[in-house]
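Visitor: Predicted model, plus sequence, below.
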Amino acid sequence: MSSARYVFSVAALLFCAGIAFAQQNVPFANGVPVAPIGLSDQPLREGPFVYRTAEQQDVRVSVVTRALEYPYSVAFLPGGELLVTERPGRLRIIRNGVLDPRPVAGGPASRFAGKSGSLGAVHGYMSLVVHPRFAENHWIYFSYTKPLDEKRATVAVARARFEDGTMSDVRDVFVGDNLRGAVSLAMTPDDMLWIATSGDAAQDPKSLAGKVLRLRDDGSVPQDNPFVGREGYRPEIFTLGHRAALGLAVHPTTHEVWLSEMGPNGGDEINVIKPGRNYGWPLVSLGRTYPGPWQARANQPTHEGYEPPVVYWMPAISVAGLTFYTGDKLPKWKGDLFVGGVRTGEVPGTGHLDRVLLNDKMEELRRESLLVDLHQRIRDVKQGPDGFLYVATDEPQGAILRIEPAR
């Protein structure tokens, strides 16, 4: 071999060896890469914050309160009061922008453990909804982790009568069969209660994990559910094939139920819930497994044969609560979908709020990321009766933020 060819061969071998060993050896814990902490745990600045936005609609973001511990879900009462669940098992109320220092009395005991977002964290109090006829019955519903004994727990949904700042007549309308993870709630104008669960048995029709359930407001099963009377299927099931249910919202005109579903490493989804449909998890996904390979069959990211999402993220933003904006105070956002995210691309400290513009066929046209510089975990977003948007930050010192036009 000539000296020139020998030098070239050695250089090629060294180049290939460099490629083989160029990547970092990332540490893993329980099958998940250990997240970097360089951007995490940043305190929320005082505010207010003024932002220019893509639609030439400048907004001001004010801190309503920063005295909450891991706020999870927010819901407005007809009188304008804002209810907030805290993961440690408390219901709080904000009146005229002031947080009542005393938690609402009368709620059930729950189990709460771990830093929010950490592996194995137990949520405690979670999703919260107000009955469409609250003015008549004063009912509210919230999901929570229900202790069964000193070691065991499951997820449940409680209904309570909320009046004069306290809860009474509290009872469970749903108790899961050894269910874990996040549970999201919604109520449609026909008084139906929608419960979205998480779990690995999403394709098992005998399990309630990884499903969207449809119940009456007393917890009973409607006879027009798609699997009622079908052998081998739980009658509560409306759809199946879901991974992790982090938010439900009802479209303001069609009254269809929309689900924000957290994927693995990528593949977060927004799904429109249609009766009897299968959304594919864990057989299909637009995301990767945490070690790196595609989640989908044959390593092909596809939803062939299953109901596809209407919006998806790659990389993931760890989707959370969502809402449609219908007000007039922020007119250039009217009709847009807002989705909270607790972290982007598996990097803590990168939570934000995404605004998704949809056409009249509910197809995505563009999206905009908001509140990125605050480095907060955005857990929920709701429109207030004043026409402003309200956002909950899922932090140890959690806050409620108000988004309104810049003056």
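Guide: That came in fine, so what should we check first? Numbers count the residues shown, from 1 in each chain.
Visitor: What separation is there between His242 and Val212?
Guide: For His242, the distance to Val212 equals 7 Å [Cβ to Cβ, to the nearest Å]. C-beta here means a position set from N, CA and C on the backbone, and glycine is covered the same way.
Visitor: If you could redo that for Lys115, that was the one I meant.
Guide: Noted for Lys115: a distance of 28 Å to Val212, by Cβ to Cβ.
Visitor: which of these two has more neighbours?
Guide: The residue with more neighbours, out of Lys115 and Val212, is Val212; 28 against 12, by other Cβ atoms under 10 Å.
Visitor: residues touching that one, list them.
Guide: Val212 is in contact with 194-197, 237-240, 242, 245, 257, 259, 273, counting by Cβ atoms under 8 Å, 6 or more residues apart in numbering.
Visitor: Let's see that with 6 Å instead.
Guide: By Cβ atoms under 6 Å, 6 or more residues apart in numbering, the residues touching Val212 are Ala196, Phe238, Thr239, Ile273.
Visitor: which SSE is it in?
Guide: strand 211-216 (DSSP states H and E).
Visitor: what's the offset of that strand from the middle of its chain?
Guide: Distance of strand 211-216 from the chain centroid (Cα atoms, centre = their mean, to the nearest Å) equals 17 Å.
Visitor: Equivalent analysis for stretch 208-216, please.
Guide: Its chain's C-alpha centre and that of stretch 208-216 lie 16 Å apart, by Cα atoms, centre = their mean.
Visitor: buried sites along that stretch?
Guide: Leu208, Ala209, Gly210, Lys211, Val212, Leu213, Arg214, Leu215 (16 or more other Cβ atoms under 10 Å).
Visitor: Tell me the bridge partners for the fifth one.
Guide: Yep, that's Val212 we're talking about. Judged by DSSP bridges, the bridge partners of Val212 are Ala196, Thr239.
Visitor: What is the nearest of the contacts of Val212 to Gly305?
Guide: Gly305 lies nearest to Thr239 out of the contacts of Val212, by Cβ to Cβ, at 14.9 Å.
Visitor: For the closest one, give its distance to Ser62.
Guide: Thr239 is 38 Å from Ser62, by Cβ to Cβ.
Visitor: With Thr254 instead?
Guide: From Thr254 to Ser62 the distance is 32 Å (Cβ to Cβ).
Visitor: ok, now Gly31?
Guide: As for Gly31, its distance to Ser62 is 41 Å (criterion: Cβ to Cβ).
Visitor: Looking at these two, which one has more neighbours?
Guide: Ser62 (14 against 9).
Visitor: which residues are in contact with the one helix or strand that one maps to?
Guide: In the assignment (DSSP H and E), Ser62 maps to strand 59-68. For strand 59-68, contacts defined as Cβ under 6 Å, 6+ apart pick out 47-51, 86, 97, 99, 397-404, 406.
Visitor: Strand partners (parallel or antiparallel) of it?
Guide: Here strand 59-68 has these sheet partners by DSSP bridges: strand 49-51 (antiparallel), strand 398-405 (antiparallel).
Visitor: Could you list the residues in contact with the last one?
Guide: It refers to strand 398-405. 44, 59-66, 68, 70-71, 388-393.
Visitor: And it, what's buried?
Guide: Quick answer for strand 398-405 (16+ other Cβ under 10 Å): Gly398, Ala399, Ile400, Leu401, Arg402, Ile403, Glu404.
Visitor: can I have it written out in PDB, keeping just the CAs?
Guide: Output in PDB follows, covering the C-alpha atoms of strand 398-405 (Å, rounded to 0.1, in the frame of the first residue of the first chain):
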ATOM      1  CA  GLY A 398     -47.000  28.900  42.200                       C
ATOM      2  CA  ALA A 399     -48.700  31.900  40.700                       C
ATOM      3  CA  ILE A 400     -51.800  32.900  38.800                       C
ATOM      4  CA  LEU A 401     -51.100  35.300  35.900                       C
ATOM      5  CA  ARG A 402     -53.500  37.500  34.100                       C
ATOM      6  CA  ILE A 403     -53.000  38.300  30.400                       C
ATOM      7  CA  GLU A 404     -54.800  41.500  29.200                       C
ATOM      8  CA  PRO A 405     -54.200  44.100  26.500                       C
END
